[in-house]
Each structure stands twice: as structure tokens, then as C-alpha cells.
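S.K.: Provided below for reference: sequence and predicted model.
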Amino acid sequence: MAADKPHLHLASASPRRREILERLGLRVRAAATEVDETPRAGEAPAAFVERLAREKCEAGRTAAGGLPVLGADTAIDLDGAILGKPADRAEGLAMLQRLGGRCHYVHTGVAVAGPAGPESRCVTTEVALAPIPPEEAAAYWASGEPVDKAGGYAIQGRGEVFVERIHGSCSAVAGLPLRVTAELLARQGIAPWREVGSE
């Protein structure tokens, strides 16, 4: 394989997901995909993100040029309700107030399609946030970081200051569960721990 040829196509424009894959030593080509992200009636949050991951993966196959494709989606689950990206400042601050001082679940779906066929998984992480005073929530929103984040906070950035406890995969909360992703890619013939420095 040529030194500059990518290992896989990421069906997402998320810099966080690309960074996580590059931490595995992989060369990634990335492009956003458009899918309808409306939950279906009665759809559980974990099923919702895994379905979207599969749909994004399938939508990305056209642009993949024969490369294996990876799609992913993340959602916050608070008492069974899905919290997506806040539409505006008011919704973002309301989300932080709802999440502060409580535990919630972060579901991340990952789907990979390649020589071994399509496969998907969902990883769930429990996160407990400290109470968030309104002035801190306002200052955090003003930083710009939570604008495009599910639940209105980013665990890999300033938002980590609100986190009291995590049970599960920290990288999944940031957008891609590292261990499960490595396992799925290995079954497609992309073993990150063997790819590094091997070409």
C-alpha cells in the first residue's frame, strides 16, 4: 500500500472522530453524509444511534472508492429522552441545567462495512455531572464549544470540568469507542496495532 493511501473512509466530518481514528495510527479520508436524524416512534436511544451509524456508513459507500467505510452517531440519553445538539443558546443552557447534578447515558453507535460485510455495535457509557451553576453554564456556552455537541457539552474539552464520574468508554463519549472500533476494523482486515509503522 502506498504510504499516503488511506486505510478507510470516515462517513463524517467530525474532527473528533477523525482524531480518534488517527490515534490508532490510521490514515483516514473523511466526508460528511446526509441522513435523516429523526428518531422513529418508540425507538430506544441505543437503537437510534446504531441505526444512524449504519445509515451513515451505507451513505458513505459511494464516496469511499472501494475503501472500508465507518459511520458513527452519538446521543445523550436522559431518562430515556434523546438529547441531540442544541438548536440555540436557550436550549443549550436548558440542557446543561437538566444534566447538571445527575447521571445520564451516552450511546455511540459504530458501523463498519468492508470485505467482511457490514457490522455495527452500540457502546453505552454512564456519565455523572456535577451541578452546573447558571453563570458557569452561560460562560461555557459563550466559549462556543457546546454549540454542535450532543447534550450541549464536550467531554474532550472544557466541558470535562463538569464531569464527576464516568463508567465506560471515555472515547465513546467523545464520539467513537476506541476498543470496539479497533475490533470492528480488525474484522475488516485493518488491525491498527499492526498497521503502525508497517508500510
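M.R.: All right, it came through fine. Fair warning: this is a prediction, and the values are worked out from it, not measured in the lab. Numbering: from 1, shown residues only.
S.K.: For the rest of this, base every contact and every neighbour count on C-alpha atoms.
M.R.: Noted.
S.K.: What's the first helix or strand after the longest helix seen in the chain?
M.R.: Taking DSSP state H as the criterion, the chain has its longest helix at helix 45-64. Downstream of helix 45-64, the first helix or strand assigned by DSSP states H and E is strand 69-78.
S.K.: ok, now which ones touch the closest residue to residue 101 other than its chain neighbours?
M.R.: Spatially, and ignoring its direct neighbours in sequence, residue 101 is nearest to residue 131 (3.9 Å; C-alpha to C-alpha, 6 or more residues apart in numbering). By C-alpha atoms under 8 Å, 6 or more residues apart in numbering, residue 131 lies in contact with 97, 100-102, 162.
S.K.: could I get those residues as TSV with neighbour count?
M.R.: Written out in TSV, the entries for the contacts of residue 131 read as follows (neighbours: other C-alpha atoms under 10 Å):
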residue	neighbour count
97	16
100	19
101	16
102	14
162	21
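S.K.: Dump the residues you listed to CSV, plus secondary structure.
M.R.: What follows is the contacts of residue 131, written out as CSV (DSSP: H, G, I helix; E, B strand; the rest coil):
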residue, secondary structure
97, helix
100, coil
101, coil
102, coil
162, helix
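S.K.: ok, so of the residues you listed, who is nearest residue 34?
M.R.: Minimum distance to residue 34 across these is 30.2 Å, recorded for residue 97 (C-alpha to C-alpha).
S.K.: measure that closest one to residue 57 for me?
M.R.: 34 Å (C-alpha to C-alpha, to the nearest Å).
S.K.: Return the backbone torsion pair for the residue nearest to residue 101.
M.R.: In terms of degrees, to the nearest 10, the main-chain angles of residue 131 are phi -60, psi 140.
S.K.: residue ranges for the helices of the chain, please.
M.R.: Using DSSP H, helices in the chain cover 15-23, 45-64, 89-99, 134-142, 170-174, 178-186, 192-195.
S.K.: Which one of the contacts of residue 131 is nearest to residue 62?
M.R.: Nearest to residue 62 among these, with distances taken as C-alpha to C-alpha, is residue 162, at 40.1 Å.
S.K.: So that closest one sits against residue 127, correct?
M.R.: No. If you go by C-alpha atoms under 8 Å, residue 162 and residue 127 don't touch, sitting 10.2 Å apart.
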